[in-house]
Structures are given as structure tokens and as C-alpha cells.
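Colleague: no sequence on hand, only this structure:
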Ligand SMILES: Nc1ncnc2c1ncn2[C@@H]1O[C@H](COP(=O)(O)OP(=O)(O)O)[C@@H](O)[C@H]1O
Ligand SMILES: O=C(O)C1=C[C@@H](OP(=O)(O)O)[C@@H](O)[C@H](O)C1
Ligand SMILES: [Mg+2]
């Protein structure tokens, strides 16, 4: 089984994925970290030097590699992974993978992302909270059609990490 965490930037995929894997005694891989390790360059630097399209190609390549090779894995995707190439089809078409959408509201995402813009190239240049709110609103609207294809959806607003994990385990098994 590969449990795949999906959701917008700062929905908690990387943080919760690590905790979930630990609880289940599964391996944990964060796709962004995996790409950085394989390419020997940070995600931000890939966007800067090679551009987003190059990043999306690598993201698809490594997602498929992990889906083929791994089992007993919690895999946290990047926020854009389900929305490019045929990545969501690849997830839906393997019986090995179960996908979880970590749903968070725009205010929750803004509150988290305003302090963590620098490591996220798509929003690093956005200067005010108002502009960030507007960007996230439109972007999340475009992406929700992909996120909603997940097998399980968990709302995460105002919930502690441990409580989300508990809910997740109950829904998954
Ligand atoms: N349930 C939660 N409650 C409060 N803060 C959270 C929660 N989940 C994640 N965070 C915080 O939000 C930020 C983004 O989390 P992260 O795991 O990096 O998200 P993602 O990988 O989805 O972009 C981090 O600072 C993390 O500590
Ligand atoms: O939403 C996106 O398109 C992206 C999200 C990031 O991951 P997180 O969702 O973990 O921030 C990272 O993959 C890259 O900066 C692009
Ligand atoms: Mg992450």
C-alpha cells in the first residue's frame, strides 16, 4: 500500500506524512525532497534555472518511479503534482495507492503561507496578504477539480496534527 497525501501548498502534506508513516511503521518520502535529492538542486533553484515545465516533467517521472517501486510507503506530493500530466490518473489506476486530500480553507492557507513564501517559488514574489489571498483563491479553485478525485478527503482547519492523523487512520483502514 502507498498512502499518497494531496493538497494545496501548506495544507500539511509534508508534516502529516512524516507523522503518519511513523505511526504506521511505513517508509516516508516527500516528493519535493526526493526530487531535490535526485537532481542535487533545490526545488526553488530548479524553478529559477530550468523553469516550471522542467520541474513538472521531473515530478511526473519520480512519482511514477515511486509508484512502481515502493510499498508500505507514505508519499507526500507537492501541491501541484495531481494537477499536471496524467499524474492523478496514474494514482487512480494503481490499486497499490490510496490518495488522501488534506483540505484547508483559504484563510488557513494564507495564515500559514504568508510566513513560508520564500521556499515556494510560485508565491515567493507575492508581496501583500491581500494579493496572496486573491492568488490562493483562484489557484485553489483551479486545482480543486484534481484534488477532489482523491479516495478520501479530510478537512484540516483548526484541527491539531494528532487529531487529523487519528481521523485519517480511521478513514483509511
Ligand atoms: N494541522 C496543522 N495545524 C497547524 N499548523 C499546521 C498543521 N499542519 C501543518 N501545519 C504547518 O503548516 C506549514 C506547512 O506545512 P507543510 O507540511 O509544509 O505543508 P505542505 O507540505 O502541504 O506544503 C508548516 O509550518 C506546518 O507546521
Ligand atoms: O503547489 C505547487 O505547485 C508546488 C508546491 C510545492 O510543494 P508543497 O505543496 O509541499 O509546498 C512544491 O512542489 C513546488 O514549490 C510547487
Ligand atoms: Mg510539502
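Modeller: Great, that's in hand. Bear in mind the structure is a predicted one, so any value in this text is a computation, not a measurement. Numbering: from 1, shown residues only. Ligands and ions are numbered 1, 2, ... in the order given.
Colleague: for the rest of this, base every contact and every neighbour count on C-alpha atoms.
Modeller: Will do.
Colleague: flag every residue of the chain that's near ligand 2.
Modeller: Neighbours of ligand 2 within the chain, by Cα under 6 Å from any ligand atom: 8, 9, 10, 32, 78, 79, 80, 120, 121.
Colleague: what pairs with the longest strand along the chain, parallel or antiparallel?
Modeller: Scanning the chain for the strand with the most residues, using DSSP state E, yields strand 97-103. Under the criterion DSSP bridges, strand 97-103 sits next to strand 2-6 (parallel), strand 152-155 (parallel) in its sheet.
Colleague: tell me how far the next helix or strand after the longest one lies from the chain's centre.
Modeller: Beyond strand 2-6 in the direction of the C-terminus, DSSP states H and E gives the next helix or strand as helix 13-24. Averaging C-alpha coordinates over helix 13-24 and over its chain gives two centres that are 12 Å apart (Cα atoms, centre = their mean, to the nearest Å).
Colleague: could the strands paired with strand 97-103 go into TSV alongside mean pLDDT, distance to residue 53 and mean neighbour count?
Modeller: Output for the strands paired with strand 97-103, formatted as TSV (pLDDT from 0 to 100; distance: least, Cα to Cα, whole Å; neighbours: other Cα atoms under 10 Å):
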stretch	mean pLDDT	distance to residue 53	mean neighbour count
strand 2-6	98	20	25
strand 152-155	98	28	16
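Colleague: so which of these is nearest residue 65?
Modeller: strand 2-6 (12.6 Å; Cα to Cα).
Colleague: quick one: contacts of that closest one?
Modeller: The contact list for strand 2-6 (Cα atoms under 8 Å, 6 or more residues apart in numbering) reads 13, 17, 67, 70-79, 82, 96-102, 147, 150.
Colleague: if we can go back for a sec, so after the longest strand of the chain, what's the next helix or strand?
Modeller: Following strand 97-103 toward the C-terminus (DSSP H and E): helix 106-113.
Colleague: and ligand 1, is that next one touching that?
Modeller: Yes. Residues of helix 106-113 contacting ligand 1 under Cα under 6 Å from any ligand atom: residue 112.
Colleague: sorry, back to before: does any bit of the longest strand of the chain sit next to ligand 1?
Modeller: No. Between strand 97-103 and ligand 1, judged by Cα under 6 Å from any ligand atom, nothing touches; the nearest distance is 8.0 Å.
Colleague: that strand to helix 106-113, inter-axis angle?
Modeller: 100 degrees (axes from the mean of the first three to the mean of the last three Cα atoms, to 10 degrees).
Colleague: quick one: distance of strand 97-103 to the chain centre.
Modeller: 9 Å.
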